[in-house]
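S.K.: fold the following for me, if possible:
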Amino acid sequence: DYSVLNAENRDFSLGWKNTFPAPYWLYQSSQRVQNAFKYSPPGSLNSLPYLAAYGNYLGGGYVYQMNTNTSTGVSQMLLDLKSDLRTLQLTDWIDRMTRALFVEFTVYNTNLNVFTYCTIVFEYLPTGNVLVSHEFDPISLYADESSLYILLDVLFLLVTVFLAVKELRKMVQKRLKYLLEVWSYVNCLLIMFSTLTFILYLCRLYEKFDLLDKIKLSRQSSSVVVNFQTMNYLNSTMLILLSFCCFLATLKMFKILSFSRTVSLLLRVFYRSFRELTAFLIVFCFLLYAFVNLMYLMLIERDNQFQTMARAVMTSLLIMIGKFNATTFEQSALNAAIFIAFNTSVVFVLLNLFISILAENFSRTRHEYKQETRNADSIVVQYLRSRLITPIVYYISRVRGENKQQSVEKGKYTDTFATFKTRSVKLAHYL
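M.R.: Now for the predicted structure:
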């Protein structure tokens with residue numbers, strides 16, 4: 001079968017001949033048809049490896065390039081295309097040795113100012129079937145590069161540099177203790193993905209200007225190859241990295257909101273049940289993998305949901321939440337028995353075990369958290385008393401003492417206890 005190791009890379013003449021036969025009418029065909037039997041390396045096509053539905057393919061191959069020169073008129077261009085395709089059919093350009101046919105073209109929407117890179121792949125399987133897959137990816141080359149977007153890009157770079165410097169300082173200060181913190185790994189991954197995103201942004205900017213130059217040249221000469229595959233890969237990769245950056249930045253919100261009692265309690269529950277959840281995850285993965293292999297091997301020829309291992313895993317996960325097509329399991333008693341065994345062992349036993357682990361650790365953590373909260377409240381009260389109430393009382397007593405001293409010095413101060421006896425005698429006389 002085909003693989004990237006045994007791919008053909010030799011040049012041929014018309015009809016896949018190693019030597020040129022006697023001249024005949026086919027040699028009057030266009031140069032585009034003759035070049036279709038000559039191998040083009042990936043560098044000349046500005047292409048990258050492609051991961052299709054069935055196999056993986058290198059960027060090189062045998063290419064027929066359509067005449068895109070509209071100076072002769074659209075009708076003449078379509079006539080040339082029809083003639084070339086007829087010649088390729090007569091010379092068996094697609095034969096039994098062909099493993100994949102790629103149809104690549106790019107369209108432009110003037111209303112949305114967006115290019116669409118279209119790829120249709122026909123894979124010829126060893127069984128004789130043809131597997132068709134397609135991708136339509138929008139690409140914006142004429143995006144609005146206003147000062148606001150530039151400012152946001154610079155701000156993104158500055159925040160990334162600030163986080164990197166901050167984490168380096170923490171790494172130097174804590175050394176090996178830095179590796180024991182969970183949030184340190186989150187910060188490092190966030191910095192790494194952010195840096196890669198900015199690098200891909202610069203590569204995408206360079207590729208954008210290169211494509212714009214090639215588009216201008218292609219209007220003058222049809223031999224210029226304008227391939228949007230690299231730009232499409234950069235866009236897809238950068239979008240994936242940005243998704244991970246948003247995911248990790250959202251996780252950091254738990255650390256920022258750790259002052260909240262609810263969030264702090266939730267984090268403590270996960271920290272406390274980490275070991276138990278790890279052991280549960282190992283058992284769950286082994287059991288799920290066993291059932292996935294069983295259903296994949298038994299239902300691969302009967303149901304499209306189990307055609308590949310990845311689809312089998314996704315279908316098994318959908319069975320756990322009840323979103324699947326049950327007609328396959330109703331066809332035989334053996335399939336129904338597998339379905340019942342899967343639901344009993346995975347859904348009813350393992351998922352309930354998972355819930356019980358979290359519930360038990362939650363109850364224990366909440367009880368401990370209440371005790372700590374009470375102690376913390378008493379500590380806060382003592383802290384406020386020592387820091388606020390005691391200094392205020394001391395200040396008031398000090399002010400009174402100063403007023404008393406000033407009254408004594410001026411001679412206006414009278415001791416009320418000394419005159420108490422005289423005043424009581426006067427009161428008794430009046431009575």
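S.K.: Arg96 looks like it's in a helix, true?
M.R.: No: the assignment for Arg96 (DSSP: H, G, I helix; E, B strand; the rest coil) gives coil, which keeps it out of a helix.
S.K.: give me phi/psi at it?
M.R.: With angles defined as degrees, to the nearest 10, Arg96 shows backbone torsions of phi -70, psi -20.
S.K.: where does the nearest residue to Phe122 once chain neighbours are set aside land in three-state SS?
M.R.: Nearest-residue entry for Phe122: Leu101, 4.3 Å, with adjacent residues in sequence omitted and distances by C-beta to C-beta, 6 or more residues apart in numbering. Where you see a C-beta, it was placed from the backbone N, CA and C, and this is true even at glycine. For Leu101, the secondary structure call by three-state DSSP comes out as strand.
S.K.: which ones are touching Leu101?
M.R.: 94, 121-122, 124 (C-beta atoms under 8 Å, 6 or more residues apart in numbering).
S.K.: pull the most distant pair out of these.
M.R.: The distance between the two most remote of these (C-beta to C-beta) is 13.5 Å, for Ile94 and Val121.
S.K.: so between these two, which is more surrounded?
M.R.: Just comparing Ile94 and Val121: by other C-beta atoms under 10 Å the higher neighbour count belongs to Val121, 20 against 12.
S.K.: can you tell me the strand partners of whichever strand or helix holds that one and which way each runs?
M.R.: When secondary structure is defined using DSSP states H and E, the element that contains Val121 is strand 114-124. Taking DSSP bridges as the criterion, strand 114-124 sits next to strand 100-109 (antiparallel), strand 130-139 (antiparallel) in its sheet.
S.K.: in a markdown table: the ones you listed, plus mean pLDDT and distance to Thr237.
M.R.: Written out in a markdown table, the entries for these read as follows (pLDDT from 0 to 100; distance: least, C-beta to C-beta, whole Å):
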| stretch | mean pLDDT | distance to Thr237 |
| --- | --- | --- |
| strand 100-109 | 88 | 19 |
| strand 130-139 | 88 | 12 |
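S.K.: now render the ones you listed as TSV, adding distance to Phe156.
M.R.: TSV is the format used below for the strands paired with strand 114-124 (distance: least, C-beta to C-beta, whole Å):
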stretch	distance to Phe156
strand 100-109	29
strand 130-139	21
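S.K.: out of those strands, flag the one nearest Leu353.
M.R.: Ranking the strands paired with strand 114-124 by proximity to Leu353 (C-beta to C-beta) places strand 130-139 first, at 40.4 Å.
S.K.: state the mean pLDDT of the helix or strand following the closest one.
M.R.: Downstream of strand 130-139, the next assigned helix or strand under DSSP H and E is helix 147-174. Here helix 147-174 scores 87 as its mean pLDDT.
S.K.: list the buried residues in the helix or strand just after helix 147-174.
M.R.: Remark: after helix 147-174, the chain's next helix or strand is helix 182-218, criterion DSSP H and E. For helix 182-218, a neighbour-count test (16 or more other C-beta atoms under 10 Å) marks 184, 186-188, 190-198, 200-201, 204, 207-208, 211 as buried.
S.K.: for stretch 283-296, same thing?
M.R.: Using 16+ other C-beta under 10 Å as the test for burial, stretch 283-296 gives 284, 288, 291-292, 295-296.
S.K.: go on, stretch 106-121?
M.R.: Buried residues in stretch 106-121, counting neighbours by 16+ other C-beta under 10 Å, are found at 106, 115, 117, 119, 121.
S.K.: start and end of it, how far apart?
M.R.: Criterion C-alpha to C-alpha, to the nearest Å; first-to-last residue distance in stretch 106-121 is 15 Å.
S.K.: same check on stretch 138-146?
M.R.: With C-alpha to C-alpha applied, stretch 138-146 spans 21 Å between its terminal residues.
S.K.: so what does whichever helix or strand Arg86 is part of touch, helix or strand wise?
M.R.: Under the criterion of DSSP H and E, Arg86 resides in helix 74-90. Using 3 or more C-beta pairs under 8 Å, 6 or more residues apart in numbering; DSSP states H and E as the contact test, the elements touching helix 74-90 are helix 31-35.
S.K.: following the helix it packs on, which helix or strand shows up next?
M.R.: On the C-terminal side of helix 31-35, the nearest following helix or strand under DSSP H and E is strand 39-40.
S.K.: now do that following strand, average pLDDT.
M.R.: Rounded mean pLDDT across strand 39-40 is 86.
S.K.: related to what we said a few turns ago, minimum pLDDT in the buried residues of stretch 106-121, which residue is that?
M.R.: Least confident by pLDDT among the buried residues of stretch 106-121: that is Thr106, with 86.
S.K.: who are the contact partners of that one?
M.R.: Thr106 makes contacts with 115-118, 226, 228, as judged by C-beta under 8 Å, 6+ apart.
S.K.: just these now: which is nearest Lys17?
M.R.: Val226 (31.1 Å).
S.K.: give me the nearest residue to that closest one, chain neighbours excluded.
M.R.: Lys214 (4.8 Å).
S.K.: and the gap between the residue nearest to Phe122 and Asp137?
M.R.: The gap separating Leu101 from Asp137 is 19 Å, by C-beta to C-beta, to the nearest Å.
S.K.: neighbours around Ala333, how many?
M.R.: Using other C-beta under 10 Å as the criterion, Ala333 is surrounded by 9 other residues.
S.K.: the nearest residue to Asp84 once chain neighbours are set aside: neighbour count?
M.R.: Nearest-residue entry for Asp84: Val33, 5.3 Å, with adjacent residues in sequence omitted and distances by C-beta to C-beta, 6+ apart. The burial metric for Val33, expressed as a neighbour count using other C-beta under 10 Å, is 20.
S.K.: how about the one 4 residues further on?
M.R.: Neighbour count of Phe37, defined by other C-beta under 10 Å: 19.
S.K.: that one is in contact with Arg10, isn't it?
M.R.: No: under the criterion of C-beta atoms under 8 Å, Phe37 is not in contact with Arg10, lying 10.0 Å apart.
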